[in-house]
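> Give me a 3D structure for the following:
(4 chains)
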2 protein chains.
Amino acid sequence: MLRFTKRADYGLMAIHYIALHDDLGTVSVKRIAEEFAIPQELLAKILQRLAKQGLIVSQNGPKGGYGLSRRPAEITIGEVIRALEGPINIVSCLEESSDCPQMERCTLRRPVRKIQAAITHMLDTMSLAELTSDDVPEILTIKA
Amino acid sequence: MLRFTKRADYGLMAIHYIALHDDLGTVSVKRIAEEFAIPQELLAKILQRLAKQGLIVSQNGPKGGYGLSRRPAEITIGEVIRALEGPINIVSCLEESSDCPQMERCTLRRPVRKIQAAITHMLDTMSLAELTSDDVPEILTIKA
DNA sequence: ATGGTCGCCGACTAAAAGAGTCGGACAAGC
DNA sequence: GCTTGTCCGACTCTTTTAGTCGGCGACCAT
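Numbering: from 1, shown residues only, chains lettered A, B, ... in the order given. This is a model prediction of the structure:
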C-alpha cells in the first residue's frame, strides 16, 4: 500500500538514536529497544543487517554495542532504507526479472519511473544529521 | 516495501485505457482484461471500486461497460490511487488511530511527513491526460 | 579461568496483507 | 425470455511482514 515496513522504520529510529549518543561510546541493542519499546531480538536483527552493510560497526562483549561507521551527515536515509529493504521499486514491473506481459504496450512505465526517481532522490538527499535539525528540505516543486 | 499494489497498478492501466478508448462508447471489463492479460474478475472488482468513487461510470447490459465520468485532464493519478488503496501513509504511525508508543520522542515524524507530502503532491499533479503525452513533469528539485 | 554480558546468526512460527476465485443476482438489449 | 455483461460479497491461496527461539562466540572483570 505504498508503505515502509517496520524494519525500515525501526532501523531509522535506531540509527538516528545511535547518531545522537555514540560520542560517549557504543550504544547497546537493549538500550535502544527499551527506549523505543521495540522487541529486542527484532531490533538486533535489523542492526545486524545495518552492520553487515557497513553503516554501523559492532563492538562485542560487555560494554559492547553499536556505533556509526561514518559521520551522521554522511549517511543518508536512502542508504539506510536500501540496506534494510533492498532496492526501491514502487511497482513490481520495474524490478529486474519482471515478466510483465505488457512490456510493450504499458504507457505507465515512464511516468512511474519518474515518480520513483523523485522519491529516491529525495531520500538520498536527506542525511541523518538533517533529521535532528529543523531545516529539512521544505517542499518539492515540479519543474514543468 | 514502499510499493504500490497491483490493484493500483491494474486500476491505472485500465482507467488509462478507458480514457483512450471511450470516445466511441463504453469499454468492457473483458476487453481490458484481455488487452492487459489481467484476471477478469479481479479487474472487475477494481473497476467497481473506481465506479463507486465516481471516477468512472458503468453501463449495464450487453454493449455495456465503463466510461470516464470526467475528462482525462481532470482526473489525477492521486485520485485513482486513493480511490483504490485509501489514504496514502508511508509509515503506519502517521495513520489515524496509531498507538505508536513514541509519539513524543520520535524525531522521524516531521521529515517523514514531508516526504509523504511530496509524493502526494506529485501524484495529485499528474493527470490521466499527461500519461499519454510525453511532457510528464521532468524531474523534481528540492527547494533548500 | 570462568561466568555473565552482549552481539551473531539461522531457523522457526504467527499474523496480516495481497492476489486471485467462485457463485449468484440484477439490468438491458436482442 | 435468453444472452451478454455488470454488480457484489464471500471465500481461498500465497506472499510478505513481524516477531520468537535457541545456540554460538567474543569480550571483559573479577
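> So which residues of chain A form strands?
A:56-59, A:65-68, A:140-142 (DSSP state E).
> Confidence-wise, which of those strands is weakest overall?
Least confidently modelled of the strands of chain A is strand A:140-142, at a mean of 45 by mean pLDDT.
> Around DNA strand C, which positions in chain A sit nearby?
Listed as neighbours of DNA strand C in chain A under the rule Cβ under 7 Å from any atom of the strand: A:1, A:3, A:28-30, A:41, A:44-45, A:47-48, A:51-52, A:58-66. In short, each C-beta sits where N, CA and C put it, glycine included.
> and with 10 Å instead?
Residues of chain A lying close to DNA strand C by Cβ under 10 Å from any atom of the strand are A:1-3, A:26-33, A:40-45, A:47-52, A:56-66, A:91-92.
> Quick check on these: which are buried?
A:1-3, A:26-29, A:31-33, A:43-44, A:47, A:49-50, A:56, A:65-66, A:91 (16 or more other Cβ atoms under 10 Å in any protein chain shown).
> what's the distance between the residue lying farthest from the centre of chain A and DNA strand C?
No residue in chain A sits farther from the centre than A:Arg105, which is 33.8 Å out by Cα atoms, centre = their mean. A:Arg105 is 18 Å from DNA strand C, where distance means Cβ to the nearest atom of the strand, to the nearest Å.
> Point out where chain A drops to low pLDDT.
Within chain A, the ranges that satisfy pLDDT under 70 run A:96-99, A:103-104, A:133-144.
> 50 instead, please
Applying pLDDT under 50 to chain A picks out residues A:135-144.
> follow-up on the earlier one: out of the strands of chain A, the one nearest B:Glu130 is which?
Nearest to B:Glu130, of all the strands of chain A, is strand A:140-142, at 11.1 Å by Cβ to Cβ.
> From B:Ile56, how far out is the residue lying closest to A:Asn89 once chain neighbours are set aside?
Closest residue to A:Asn89 apart from its sequence neighbours, by Cβ to Cβ, 6 or more residues apart in numbering or on different chains: A:Glu95 at 5.1 Å. Distance of A:Glu95 to B:Ile56, computed by Cβ to Cβ, to the nearest Å: 29 Å.
> cool, and A:Ile38?
Applying Cβ to Cβ, one obtains 43 Å for the distance of A:Ile38 from B:Ile56.
> ditto for A:Arg3
Relative to B:Ile56, and taking Cβ to Cβ, A:Arg3 is found at 26 Å.
> if we can go back for a sec, among the residues of chain A next to DNA strand C, which ones lie close to DNA strand D?
Residues of the residues of chain A next to DNA strand C in contact with DNA strand D (Cβ under 10 Å from any atom of the strand): A:3, A:33, A:40-45, A:58-64, A:92.
> what does chain A put close to DNA strand D?
A:3-11, A:33, A:37-46, A:58-64, A:84-86, A:92, A:95.
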